[in-house]
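Participant: coordinates only, sequence not included:
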């Protein structure tokens with residue numbers, strides 16, 4: 001199938017597919033005319049890659065994970081579990097950073113309300 005057909009079947013732009021191919025995430029053969037020719041199995045692979053990107057993984061990590069995901073369970077070496085554990089720790093650290101930033105902003109927002117603004121309802125502007 002040509003790149004446009006793969007794009008339509010997977011819901012991913014042709015530009016993204018070229019990126020995936022440039023980074024070794026998907027493969028194609030070239031026709032005698034120079035066109036990319038993808039196997040239909042690439043549809044499932046592209047969808048999987050999309051899910052992995054949505055999980056916050058980068059293309060280098062995805063490239064390491066794909067062979068593990070495609071291997072039968074008895075052929076897996078533990079690399080996938082190690083990579084996923086590293087990614088989970090990275091995301092947990094990111095979550096801690098975000099939580100700290102939210103706490104800081106909430107504290108600043110609370111402190112930003114001046115005493116005058118807090119007591120404005122008690123001020124007699126006419127009197």
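Facilitator: Thanks, I have the structure now. All of these numbers come straight from a predicted model, not from anything done at the bench.
Participant: could you pull out the strands for this structure?
Facilitator: Listed in chain order, the strands of the chain (DSSP state E) span 29-30, 36-37.
Participant: Can you list the low-confidence ranges for the protein?
Facilitator: 113-127 (pLDDT under 70).
Participant: one step back: let me know which of the strands of the chain is the nearest to residue 17.
Facilitator: For these, distance to residue 17 was read as Cβ to Cβ. The smallest value, 8.3 Å, belongs to strand 36-37. Bear in mind the C-beta positions are built from the backbone N, C-alpha and C, glycine included.
Participant: Just give the strands next to that closest one in its sheet, each with its orientation.
Facilitator: Within its sheet, and counting by DSSP bridges, strand 36-37 is paired with strand 29-30 (antiparallel).
Participant: Residues contacting the partner strand, please?
Facilitator: For strand 29-30, contacts defined as Cβ atoms under 8 Å, 6 or more residues apart in numbering pick out 36-37.
Participant: Among the strands of the chain, show me which one is buried the most.
Facilitator: Among these, strand 36-37 has the highest mean neighbour count (mean count of other Cβ atoms under 10 Å), at a mean of 16.
Participant: Next one: residue 67 relative to residue 25, how far apart?
Facilitator: 11 Å (Cβ to Cβ, to the nearest Å).
Participant: Those two: who's more crowded?
Facilitator: Per other Cβ atoms under 10 Å, whichever of residue 67 and residue 25 has more neighbours is residue 25, with 21 against 13.
Participant: In space, what's closest to the more buried one - neighbours in sequence excluded?
Facilitator: Spatially, and ignoring its direct neighbours in sequence, residue 25 is nearest to residue 49 (5.5 Å; Cβ to Cβ, 6 or more residues apart in numbering).
Participant: what comes into contact with stretch 86-95?
Facilitator: With contacts defined as Cβ under 8 Å, 6+ apart, stretch 86-95 is touched by 55-57, 61.
Participant: now that stretch, how far from the chain's geometric center?
Facilitator: Distance of stretch 86-95 from the chain centroid (Cα atoms, centre = their mean, to the nearest Å) equals 13 Å.
Participant: got the buried residues for that stretch?
Facilitator: residue 87 (16 or more other Cβ atoms under 10 Å).
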